[in-house]
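Undergrad: Below is the structure, and that's it, no one-letter string:
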């Protein structure tokens, strides 16, 4: 977790997508359904953020250098 900002953004994105779906499922209104396309987009975006690195980090800083 050397890219703190993108990791936090990724976790927050995934949690918000899941929590929005859960809120739609359990809001005691049977007509409300979760939009699974939006949930998938949120989770996949969050995963992308987890795998990204911060702009101020170099490959050497995060250990991704191929020339080690």
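TA: Great, that's in hand. These numbers come from a predicted model, not from an experiment. Numbering: from 1, shown residues only.

Undergrad: need the contact list for the residue nearest the centre of the chain.
TA: By C-alpha atoms, centre = their mean, the chain has its centre lying nearest to residue 46, at 1.6 Å. Counting by C-beta atoms under 8 Å, 6 or more residues apart in numbering, residue 46 touches 9-14, 17. (Each C-beta comes from the backbone N, C-alpha and C, glycine too.)

Undergrad: 6 Å instead?
TA: 10, 13-14 (C-beta atoms under 6 Å, 6 or more residues apart in numbering).

Undergrad: before we move on, what about residue 41?
TA: So residue 41 contacts nothing (C-beta under 6 Å, 6+ apart).

Undergrad: Repeat that for the one 4 residues further on.
TA: The contact partners of residue 45, taken as C-beta under 6 Å, 6+ apart, are residue 13.
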